[in-house]
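K.L.:
this is the structure alone, sequence omitted:
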């Protein structure tokens, strides 16, 4: 299960030691990626300096989630040498905040724990979240309104209902920054529930994103 958590504001860039190899000083133990839902992925860079008197060797870098892939180009670092590695975070259909642990192993048996913190901003807002027809209420159409930023192009490419007892249509856009999805029960009697799926193409790369 994907774990979500709130994060504190990113602190100023400082060289701080964390439990692990005492000779290695990390620029940041937490690296924050600020992304939006039109992006496929983001890359975090973890920088460090070998402040010891002997070479330091990193044997392995691993992430606590399959959505994140670390990449280490070089393993051995001489005294005084700076180094870094990257970690690619894939957004997929993830939303909100994620803290991914990054584990670094050294040849001398020491290890370090870092974190990639991803903050994903949704470009599309919609309301209401739920449509309800009460007992005895006429089964008239009801609307879901979608809104997005003018600076971030979004196009609704498909709308559908998983229950055929509800008809779902896209009303002609009411402006360049939004659209209306209309949901209509097909009969006068109680017809159960459904899930409405709205597919969008977002950003310059026209990335598909479902809601």
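P.N.:
Thanks, I have it. Quantities reported herein were computed from a predicted structural model and do not represent experimental measurements.
K.L.:
other residues contacting stretch 28-37?
P.N.:
Stretch 28-37 has contacts (CB atoms under 8 Å, 6 or more residues apart in numbering) with 7, 10-11, 13-14, 16, 18, 42-47, 87, 89, 91, 95, 99, 113-124, 152, 202-203, 207, 209. (Glycine included, C-beta is placed from N, CA and C.)
K.L.:
show me which residues of that stretch are buried.
P.N.:
If you call a residue buried by 16 or more other CB atoms under 10 Å, then stretch 28-37 has these buried ones: 28-33, 35-37.
K.L.:
of all these, which two lie farthest apart?
P.N.:
Farthest-apart pair in the buried residues of stretch 28-37 is 29 and 37; separation 27.1 Å (CB to CB).
K.L.:
among the contacts of stretch 28-37, which ones are buried?
P.N.:
Buried among those by 16+ other CB under 10 Å: 42, 44, 46, 87, 89, 91, 99, 114-120, 123-124, 152, 202-203, 207, 209.
K.L.:
now, those that are in strands?
P.N.:
42, 44, 46, 87, 89, 99, 114-120, 124, 202, 207, 209 (DSSP state E).
K.L.:
so where's the protein uncertain?
P.N.:
Across the chain, residues meeting the criterion (pLDDT under 70) sit at 1-20, 22, 173-175, 188-191.
K.L.:
go again using 80 as the cut-off
P.N.:
Low-confidence regions of the chain, defined by pLDDT under 80, span residues 1-22, 150-152, 172-176, 187-191.
K.L.:
how far away is the residue of it most remote from its centre from residue 99?
P.N.:
No residue in the chain sits farther from the centre than residue 136, which is 41.7 Å out by CA atoms, centre = their mean. In this view, residue 136 and residue 99 are 48 Å apart by CB to CB, to the nearest Å.
K.L.:
same deal with residue 83?
P.N.:
Going from residue 83 to residue 99 by CB to CB gives 23 Å.
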